[in-house]
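>>> what follows is a predicted protein model with its sequence.
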Amino acid sequence: LLTIAKNVALRTGKRVKLTIVSKLSSKERVFRCNSGNIVVNFIDGRIGDSEKCELYRESHFFIYLAKGNVAMNPPVTLLEAVYHGTIPIAPSWVLRDIELPSELIANDEFEAIDKIVNLWNNQERLAYVAARLKKSFGRFYDVHRFDEAIRRTL
């Protein structure tokens, strides 16, 4: 994820904020690091639903490049991210039960970098992809809620 953040910042010239939430230790901790055009926030702990929703709403992209089996296809976190208007970047193997536009499919960090930079630099393409997301994910959500969430992202 750090490789993605660094390269997106370099290639777009924009400030990139990367937030990682994962429960890794018995103590809850929050780390923040600023370095040039990158801000990294790491939350080691569980977060409440309202905080999770706020993180999704503040984000442009949700990167889901996890390897291995998923308990549900598509993964709940991917559904939640899209519900809140965050554009997902995910590998093809996760997408058995849902169609994701090819502009959002990345099987490694280098593909993810290219996808994010291409969409960031082409807002018309991003709007087109968001419309296709609506078609794919629409069965999971209230369409009006989805439209409003995507509008905030664009």
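Everything's here; your move.
>>> does the residue nearest the centre of the chain belong to a helix, a strand or coil?
Compute the mean C-alpha point of the chain, and by C-alpha atoms, centre = their mean the closest residue is residue 62, 0.6 Å away. Three-state assignment for residue 62 (DSSP: H, G, I helix; E, B strand; the rest coil): strand.
>>> try residue 31
Of the three states, residue 31 takes strand according to three-state DSSP.
>>> counting neighbours, what do you get for it?
Taking other C-beta atoms under 10 Å as the criterion, the count of residues near residue 31 is 10. All C-beta spots, glycine's among them, are computed from the backbone N, C-alpha and C.
>>> what residues are up against it?
Shown here is residue 31, whose contacts under the criterion C-beta atoms under 8 Å, 6 or more residues apart in numbering are 40, 41, 42, 44.
>>> okay, and which of these map to strands?
Using DSSP state E, the members of the contacts of residue 31 that fall in strands are 40, 41, 42, 44.
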